[in-house]
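Kindly generate the corresponding structure for this input.
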Amino acid sequence: MNIFRVCLLALACGFTTAASAQDLAPITQAEATRIVQTLSADDMQGRASFTSGIEKAADFIQAEFKRIGLKPLPGETDLKQTFAMYRVMPQEKEVKLNGKKLKPEHVFAITDKEELEWPKKGKQKVVTVSAQDDLRAVMGELSDAPEDVLVLVHPKHEELFGRYQHYLGSGSVKQQLGEGGSKVFILTDQKTASSYAVEVENKIEKLQLTNVGGMIEGKRKDEYVVFSAHYDHIGIQEALDGDSIANGADDDAAGTTAMMLLAEYYRQQPQPERTLLFVAFAAEEMGGFGSKYFSEQLNPDQIVAMFNIEMVGKPSKFGPNTAYLTGFERSDLGQLMQKRLEGTAYSIHPDPYLEQNLFYRSDNATLARLGVPAHTISSVQIDQDKTYHTVNDELEQLDMAHLTNMIKAIALASEGVVNGEDTPMRVDKAQVK
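Have a look, this model is predicted:
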């Protein structure tokens, strides 16, 4: 065991040597508080995509990366990785089914066409969702269907139908236009569509999204270790007790803060064996578009591991100084992390919330689908958390001592991968949906 690791372990176990104090010096509660407070402040307006608030957050992260001394990501000339997306906003819709004009609230469409016209019954596939069927499952099955589909949904599903309609009514985001077929959903007790006509109009805007990323070049330049978090949130919501800003302190200003302090920590260490990439992803809340674009700029075979950090501002069910790793069984990265934390004050555990499907609910899933040992580190008790995606996710709800300790734990747990001693097994792409 080298002296660097001895020093780190000594600090984690509570020893107070000058060397250990210097090693983890950048990771302080004061710095963690400064960063998370800035990112979750009201003037960031909830960091929703395509708003001035998210742009302000990106500028702040970029300035911090410049201060730390990070280089642009491989192939980039700037710390901002900007790319184009298309926002599709529903405008007008008119549908007739079996000669009867339907109410607008009984219709929604999934299409990226500026104008969708089915003037009469044609070649569209017709699917019926009965009272006994699972509407969510049908939506999932049809999402990537290449053909046009008219879907007749039984009124029993009215509540869920309404939620889908409300969500889609605020618009959708596409990386490309013209992919897949159009789907039109109708809430009706009619089981057949002997005749129908559909007219849908959308407003399509080409807009920009921005990842913020920096690099510490390693001795093995083409072996990458990714530390990441998403910096977007859900913006302005319905007011609750006069507060309408969903500040996103835990989701995911906490994870972004951890990633940024790890960048500062590793920048002050000797040159790492592997190249370290630190990335704040855009548009996680809208479908992981930031991580998808990032993954397309690199060869995934060169990415040794991804430590994605999400909602680490509150203690986990396993007790103080603990966290869990999503998809623990899909690679041995979690075991390698556990081994590095043996004898320290910290511990990492398998995800205890498998029913929540957390592995697929953050940016790690994008890279895991490419075979990268990509996992999310989290500590939120997601089955009990009352502030998730609400206006109450604020700084005051966080345990800053816990957040600071989580950053130190990740620094310790990632050391073997960073210094080239540990190489996690690849994820089986065939087992990742």
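
Quick one: the helices in the stretch 101-250 of the chain, in order.
135-142, 158-169 (DSSP state H, counting those that start in this stretch).

Buried ones in the longest one, by neighbour count?
So that's helix 158-169. F161, Y164, Q165 (16 or more other CB atoms under 10 Å). All C-beta atoms are positioned from the backbone trio N, CA, C, and that covers glycine.

Nearest to P26 among the residues you listed?
Of all the buried residues of helix 158-169, P26 sits closest to Y164, with 45.3 Å by CB to CB.

In contact with that closest one, which residues?
F108, M139, F185 (CB atoms under 8 Å, 6 or more residues apart in numbering).

who wins for neighbours among those residues?
Neighbour counts for those, by other CB atoms under 10 Å, peak at F185, which reaches 27 neighbours.

what's the closest non-adjacent residue to it?
V151 (4.6 Å; CB to CB, 6 or more residues apart in numbering).

and the gap between K101 and L70?
K101 sits 58 Å away from L70, going by CB to CB, to the nearest Å.

When these two are compared, which one has more neighbours?
A direct count of neighbours by other CB under 10 Å for K101 and L70 places L70 higher, at 25 against 10.

Is it correct that that one is in contact with E217?
No: look at L70 against E217 with CB atoms under 8 Å: they stay out of range, at 9.8 Å.

what sits in contact with each of those two?
Joint contacts of L70 and E217 (CB under 8 Å, 6+ apart) do not exist.

If you tally nearby residues, what's the number for the residue nearest to F185?
For V151, the neighbour count with other CB under 10 Å is 22.

Next, count neighbours for F307.
If we define neighbours as other CB under 10 Å, then F307 has 26 of them.

nearest residue to it other than its sequence neighbours?
Using CB to CB, 6+ apart, the closest residue to F307 is F227 (5.1 Å).

sorry, back to before: just the closest of the buried residues of helix 158-169 to N405, please.
The closest of the buried residues of helix 158-169, once distances to N405 are taken by CB to CB, is Y164, at 40.5 Å.

Who is the residue nearest to F307 paired with across the strands?
F278, F307 (DSSP bridges).

What strand or helix carries F294?
Using DSSP states H and E, F294 falls within helix 289-296.

Let me see the mean pLDDT of that helix.
For helix 289-296, mean pLDDT rounds to 97.

ok, now stretch 421-432?
For stretch 421-432, the per-residue pLDDT averages 97.

Likewise for stretch 163-174?
87.

Now stretch 234-249: buried residues?
Neighbour count says stretch 234-249 has I234, G235, I245, A246, N247, G248, A249 buried, by 16+ other CB under 10 Å.

Between the two ends of it, how far is it?
The first and last residues of stretch 234-249 sit 11 Å apart, counting by CA to CA, to the nearest Å.

just use 59 as the starting number from now, easier for me
Taking 59 as the first residue, the last one we looked at is stretch 292-307.

Bridged to A255, which residues?
Going by DSSP bridges, A255 forms beta bridges with K154.

ok, back up a step: wait, the residue nearest to F365 sits on F336?
Yes: using CB under 8 Å, F285 makes contact with F336 at a distance of 5.1 Å.

Report the set of residues contacting both of these two.
By CB under 8 Å, 6+ apart, F285 and F336 have these common neighbours: M317, L320, A321.

Helices - which of those land there?
If you go by DSSP state H, the shared contacts of F285 and F336 have M317, L320, A321 in helices.

how about the last one, what does it touch?
When the contact criterion is CB under 8 Å, 6+ apart, the partners of A321 are F123, I126, L128, G272, I274, F285, L334, F336.

same check, this time on the first one
Remark: with contacts taken as CB under 8 Å, 6+ apart, M317 is in contact with F285, S286, A287, F336, V337, A338, I367.

between those residues, which is closest to E134?
Using CB to CB, the contacts of M317 come closest to E134 at V337, 10.9 Å.

what bridges to L383?
The partner list for L383 in beta bridges (DSSP bridges) reads P408, I435.

Show the average pLDDT along stretch 141-150.
Mean predicted lDDT for stretch 141-150 stands at 94.

Not counting it itself, show me its contacts.
108, 166-167, 169-170, 226-227, 229-235, 257-269, 341, 347, 351.

just stretch 407-422 next, same as before
For stretch 407-422, the external contacting residues (CB under 8 Å, 6+ apart) are 286, 288, 339, 342, 346, 348-349, 364, 366, 368, 374-376, 380-388, 392, 423, 426, 432-434, 436, 440-441, 491.

What residues of that stretch count as buried?
Result for stretch 407-422 [16+ other CB under 10 Å]: buried residues H407, D409, P410, Y411, L416, F417, Y418, R419, S420, D421, N422.

Stretch 368-388 now?
Neighbour-count burial for stretch 368-388 [16+ other CB under 10 Å]: 368-374, 379-386, 388.

Likewise for stretch 132-140?
Quick answer for stretch 132-140 (16+ other CB under 10 Å): P132, E134, L137, K138, Q139.

which among the residues you listed gets closest to I119?
L137 (8.3 Å).

Which residue is the nearest non-sequential neighbour of the residue of the chain most remote from its centre?
For the chain, the largest distance from the centre (CA atoms, centre = their mean) belongs to G157, which lies 44.3 Å off. The shortest distance from G157 to any non-neighbouring residue, by CB to CB, 6+ apart, is to S253 (6.3 Å).

For the one you found, give me its contacts.
K154, L155, N156, G157, K178, K179.

okay if I get those as TSV plus distance to D100 and pLDDT?
Listed next are the contacts of S253 as TSV, based on distance: CB to CB, whole Å; pLDDT from 0 to 100:
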residue	distance to D100	pLDDT
K154	47	95
L155	46	96
N156	51	95
G157	53	92
K178	52	86
K179	52	83
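
Buried subset of those residues, written for ChimeraX?
To isolate the buried members of the contacts of S253 in ChimeraX, using 16+ other CB under 10 Å:
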select :155
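
possible to save the contacts of S253 as TSV with distance to A469?
Below are the contacts of S253 laid out as TSV (distance: CB to CB, whole Å):
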residue	distance to A469
K154	62
L155	60
N156	64
G157	67
K178	64
K179	62
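
and which of the contacts of S253 is nearest I468?
L155 (54.6 Å).

Tell me who's in contact with the residue lying closest to the closest one once chain neighbours are set aside.
Closest residue to L155 apart from its sequence neighbours, by CB to CB, 6+ apart: Y254 at 5.1 Å. Counting by CB under 8 Å, 6+ apart, Y254 makes contact with V153, K154, L155, N156, W176, K178, K179, L208.

Sitting in strands, which of the buried residues of stretch 132-140 do you find?
K138, Q139 (DSSP state E).

Outside of the longest helix seen in the chain itself, which residues are in contact with it?
For the chain, the longest helix by residue count, based on DSSP H, is helix 110-126. Applying CB under 8 Å, 6+ apart, the external contacts of helix 110-126 come out as 93, 96-97, 101-106, 137-138, 268, 270-272, 289-290, 293, 314, 318, 321-322, 325, 336, 338, 340.
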